[in-house]
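Colleague: how would this look folded up:
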Amino acid sequence: MSPEAKGRNWFVIVAVWLPIVVIVTLGVKYFLFPFFDSKLEKETGSESRYSKGQITLAADSFNGYAIFRTDEFINRQKERGIRFVVKDDQANYKARIDSLKNGDIDMAVFTIDSFIKASALIKQFPGSIVMVIDESSGADGFVAYESAITSLQELNYPEAKIVLTLNSPTEFFARVLVSHLSVNISESKWVEAEGSTDVLARFKKSDKNSKQAYGLWEPELSQVLEIPGVKLLIDSSKLKGYIIDVLVVNREFLKDHQDMVHDVVEDYQKTLYSYQQGNGLADLVRSDAKKSGIKLTDKQVERIVGGIVWKNTLENYAHFGLLSGQESKGLENLEDIIANVSKVLVQTGSMSENPTLGKEHNLFFSQVLSGMKDADFHPGRAVNILSDDVGVKLDLDEIQERAKLSALTDEQWEQLVPEVEMRTVPINFGRGRASITIQGQRDLNELAKNLEAWPDYYLLVVGNASTEGDIEANVQLAKKRSESVVEYLISGGMNENRIKAKASAPSGKGAKSRTVEFVLAQKPY
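Modeller: Take a look at the predicted model:
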């Protein structure tokens with residue numbers, strides 16, 4: 001064999017065997033040795049107390065999520081063999097939804113609007129809602145210096161601005177106001193801020209005569225209200241069924257570990273029940289704020305607790321459609337809440353189209369709660385509050401109902417303070433007629449649906465009168481039109497105590513004079 005042939009043979013041998021040797025070496029280094037090391041560690045170690053594994057929840061520092069951060073809840077999980085880890089992502093909803101999609105986290109908390117918007121960005125819903133956590137009922141609001149703005153209606157001035165944080169519950173609150181009320185606070189008037197703390201700092205530095213409103217949430221909202229000269233224009237205590245926090249679980253994790261999700265929901269409700277006794281919620285808010293370096297006064301703690309409605313077990317059954325309509329006591333089904341929230345997002349331009357249309361039921365999973373209900377779960381068991389004696393029937397916490405508006409005298413109706421008009425398509429009447437058209441009925445049905453979101457306001461239905469012809473007859477016709485609208489709304493289920501018909505002074509002519517207006521009003525402070 002020639003030297004050239006021998007050289008070629010050696011080249012072939014090296015070319016064939018060298019990769020094999022490299023692969024074997026790497027396999028030994030990175031697979032075989034670690035395998036034996038791992039096996040040795042296992043043989044000379046102990047069993048983990050977290051036999052079920054770890055659950056990672058993404059959240060932020062909002063007080064409504066405090067239950068998940070308590071030692072009591074984490075210890076309950078520990079007793080079940082679950083290591084529960086709360087990851088603070090500073091309310092970065094885009095990062096939160098990406099982490100949920102990629103399986104980097106197992107669970108996350110969202111407001112319903114942020115869950116819908118974030119999911120729309122990635123064109124899928126990687127998680128499913130398994131529990132309603134709380135509802136904002138005063139925890140979000142808009143304020144201004146009274147020397148500059150005294151009412152929501154004044155935000156319609158062209159020069160008025162709104163300082164708020166984008167992609168926050170306060171932004172969504174503003175969108176609900178735009179969708180339902182005749183208040184011009186659309187995006188062109190927004191001044192972007194970086195969180196409620198930033199908004200508070202800007203407020204303190206602002207000109208007291210500048211027509212600017214400021215959107216904050218707790219605890220900064222309570223802090224700003226203690227500044228002299230501050231006017232609370234509106235807060236979420238006036239709104240119902242929109243700013244709602246939910247627990248969302250990665251769909252793959254939910255499918256494979258429904259038992260662990262069940263454990264989380266049960267332990268959450270047990271811990272919440274424990275804190276709802278006595279002054280527990282106040283102590284919870286105070287200690288949770290302290291962890292973030294925030295010291296709250298007793299007055300601030302009281303307002304924060306009053307502004308968050310933590311949802312108990314029975315209320316979750318209602319939201320997930322596990323109770324009859326009568327048992328639910330007016331609490332909205334989650335399917336309807338999702339539809340209402342999506343509608344606001346589309347109407348106000350936050351999304352170009354509704355990603356949930358007709359599929360709202362696919363965004364939540366009721367089997368965890370229905371299993372608890374079938375098993376007669378009670379959060380008071382095993383927390384040294386309730387007896388567990390055989391044969392004793394334990395009643396769940398009641399649904400927290402809003403008090404219905406009381407009836408007013410004629411004098412009290414006259415003393416009401418008009419706040420703002422409802423945004424609605426004009427309810428037109430034929431010339432000289434007071435009967436409601438078919439289209440008018442459709443528009444009133446839509447109005448009635450939106451009015452359910454504002455249960456703490458009285459409603460004045462004001463008929464407009466024309467300045468042409470017999471003035472007295474025109475006023476009487478305007479009154480009849482407003483009365484026909486009131487009768488229609490009451491026949492549809494509206495509380496008759498909160499609505500009254502009246503006629504305005506003649507002020508125009510043409511189509512405008514044949515309409516009615518809807519004014520939200522409340523008792524003077």
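Colleague: quick one: buried residues of stretch 291-305?
Modeller: 294, 296, 300-301, 303-305 (16 or more other CB atoms under 10 Å). In this view, the C-beta of every residue, glycine as well, is placed from N, C-alpha and C.
Colleague: meant to ask about stretch 107-125
Modeller: So for stretch 107-125, counting by 16+ other CB under 10 Å, buried means 107-120, 125.
Colleague: repeat that for stretch 449-461.
Modeller: 450-451, 453-455, 457-461.
Colleague: stretch 225-239 now?
Modeller: 225, 230-231, 233-239.
Colleague: now the two most distant members of those residues.
Modeller: The widest separation within those, taken as CB to CB, falls between Val230 and Leu239 and amounts to 20.2 Å.
Colleague: any chance of TSV for the buried residues of stretch 225-239, columns distance to Gly215 and secondary structure?
Modeller: Listed next are the buried residues of stretch 225-239 as TSV, based on distance: CB to CB, whole Å; DSSP: H, G, I helix; E, B strand; the rest coil:
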residue	distance to Gly215	secondary structure
Leu225	13	coil
Val230	14	strand
Lys231	14	strand
Leu233	10	strand
Ile234	10	strand
Asp235	10	strand
Ser236	11	helix
Ser237	15	helix
Lys238	14	helix
Leu239	13	coil
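Colleague: any low-confidence regions in the stretch 201-350 of the chain?
Modeller: Scanning the stretch 201-350 of the chain for pLDDT under 70 picks out no residues.
Colleague: the strands in it, which residues?
Modeller: 212-217, 230-235, 244-250, 308-310 (DSSP state E, counting those that start in this stretch).
Colleague: looking at these, spot the one closest to Gly440.
Modeller: strand 230-235 (28.7 Å).
Colleague: pull the CA atoms of the closest one into CSV?
Modeller: Only the C-alpha atoms of strand 230-235 are listed here, as CSV (Å, rounded to 0.1, in the frame of the first residue of the first chain):
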residue,chain,number,x,y,z
VAL,A,230,-58.7,67.3,47.6
LYS,A,231,-61.9,66.4,45.9
LEU,A,232,-62.8,62.7,45.3
LEU,A,233,-64.5,62.8,41.9
ILE,A,234,-65.4,59.2,41.8
ASP,A,235,-64.1,55.9,43.1
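Colleague: and that strand, what does it pack onto?
Modeller: strand 140-145 (3 or more CB pairs under 8 Å, 6 or more residues apart in numbering; DSSP states H and E).
Colleague: can you give me the angle the strand it packs on makes with strand 230-235?
Modeller: Calculated by axes from the mean of the first three to the mean of the last three CA atoms, to 10 degrees, strand 140-145 forms an angle of 150 degrees with strand 230-235.
Colleague: care to break the chain down by domain?
Modeller: Under the assignment automatic domain parsing, the domains of the chain span 1-45, 53-137+242-374, 140-238, 410-522.
Colleague: and the last one, end to end?
Modeller: Between the opening and closing residues of domain 410-522 lies a distance of 14 Å (CA to CA, to the nearest Å).
Colleague: how far out from the middle of the chain is it?
Modeller: 31 Å (CA atoms, centre = their mean, to the nearest Å).
Colleague: that older thread, in the buried residues of stretch 107-125, find the pair that's most separated.
Modeller: Between all members of the buried residues of stretch 107-125, the farthest pair (by CB to CB) comes out as Met107 and Ala120, at 20.3 Å.
Colleague: contacting residues for the most centrally placed residue in the chain?
Modeller: The structure's the chain has its C-alpha centroid closest to Ile244; by CA atoms, centre = their mean the separation is 2.3 Å. Contact analysis of Ile244 by CB atoms under 8 Å, 6 or more residues apart in numbering lists 111-112, 132, 134-136, 337.
Colleague: could you rerun that using 7 Å?
Modeller: When contacts are counted by CB atoms under 7 Å, 6 or more residues apart in numbering, Ile244 touches 111-112, 132, 135, 337.
Colleague: ok, now which ones touch Pro455?
Modeller: Taking CB under 7 Å, 6+ apart as the test, what Pro455 contacts is 240, 402.
Colleague: quick one, phi/psi of it?
Modeller: Backbone torsions of Pro455, given as degrees, to the nearest 10, read phi -70, psi -10.
Colleague: that one and Ser137, how far apart?
Modeller: Using CB to CB, to the nearest Å, Pro455 is found at 11 Å from Ser137.
Colleague: could you do Leu254 as well?
Modeller: 29 Å.
Colleague: and if you look at Ser406?
Modeller: Counting by CB to CB, the gap from Ser406 to Ser137 is 20 Å.
Colleague: same check, this time on Glu335
Modeller: Counting by CB to CB - Glu335 and Ser137 are separated by 21 Å.
Colleague: cool, and Lys295?
Modeller: 24 Å.
Colleague: can you check Glu315 too?
Modeller: 13 Å.
Colleague: neighbour-wise, which of those two wins?
Modeller: For the pair Glu315 and Ser137, the greater number of neighbours falls to Glu315 (23 against 19), based on other CB atoms under 10 Å.
Colleague: that one against Leu331, yeah?
Modeller: Yes. Counting by CB atoms under 7 Å, Glu315 touches Leu331, with 6.2 Å between them.
Colleague: give me the common contacts of the two.
Modeller: Ile399.
Colleague: show me the shaky parts of the stretch 401-525 of the chain.
Modeller: In the stretch 401-525 of the chain, residues with pLDDT under 70: 510-511, 525.
Colleague: all helices for it, in order.
Modeller: 410-415, 438-451, 471-491 (DSSP state H, counting those that start in this stretch).
Colleague: nearest to Asp376, of those?
Modeller: Nearest of the helices of the stretch 401-525 of the chain (CB to CB): helix 438-451, 35.0 Å.
Colleague: who does the closest one touch, helix- and strand-wise?
Modeller: helix 471-491 (3 or more CB pairs under 7 Å, 6 or more residues apart in numbering; DSSP states H and E).
Colleague: and the closest residue to Ser119 other than its chain neighbours, its phi and psi?
Modeller: Leaving aside its chain neighbours, Ser119 sits nearest to Phe125 (4.5 Å; criterion: CB to CB, 6 or more residues apart in numbering). Main-chain dihedrals, Phe125, degrees, to the nearest 10: phi -110, psi 100.
Colleague: Phe125 against Leu363, yeah?
Modeller: Yes. Using CB under 7 Å, Phe125 is in contact with Leu363, at 5.8 Å.
Colleague: and the lengthiest strand in the chain, average pLDDT?
Modeller: For the chain, the strand with the greatest residue count under DSSP state E is strand 127-136. Averaging pLDDT along strand 127-136 gives 98.
Colleague: which of the buried residues of stretch 449-461 fall in strands?
Modeller: 458-461.
Colleague: same list (those residues) but as TSV, adding distance to Met260.
Modeller: Output for these, formatted as TSV (distance: CB to CB, whole Å):
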residue	distance to Met260
Tyr458	48
Leu459	47
Leu460	53
Val461	53
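Colleague: ok, the residues you listed vs Glu468, which is closest?
Modeller: Val461 (22.5 Å).
Colleague: so that closest one touches Ser484, yeah?
Modeller: No. Between Val461 and Ser484 there is no contact under CB under 7 Å: 9.5 Å.
Colleague: could you find the closest non-adjacent residue to Val461?
Modeller: Ser482 (4.5 Å).
Colleague: dump the residue contacts of that neighbour.
Modeller: Counting by CB under 7 Å, 6+ apart, Ser482 has contacts 461-463, 501-503, 516.
Colleague: got it, and Ser507?
Modeller: Applying CB under 7 Å, 6+ apart, the residues near Ser507 are Thr467.
Colleague: in which helix or strand does Ile162 reside?
Modeller: Per DSSP states H and E, Ile162 falls inside strand 161-165.
Colleague: quick check: can you name the pairing partners of that strand and their directions?
Modeller: If you go by DSSP bridges, strand 161-165 pairs up with strand 190-193 (parallel), strand 212-217 (parallel).
Colleague: please export the C-alpha coordinates of it as PDB.
Modeller: Taking Å, rounded to 0.1, in the frame of the first residue of the first chain, the C-alpha atoms of strand 161-165 are listed here in PDB:
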ATOM      1  CA  LYS A 161     -56.300  66.200  31.500                       C
ATOM      2  CA  ILE A 162     -56.200  62.800  33.300                       C
ATOM      3  CA  VAL A 163     -53.000  61.600  34.900                       C
ATOM      4  CA  LEU A 164     -53.000  57.800  35.100                       C
ATOM      5  CA  THR A 165     -51.100  54.600  34.700                       C
END
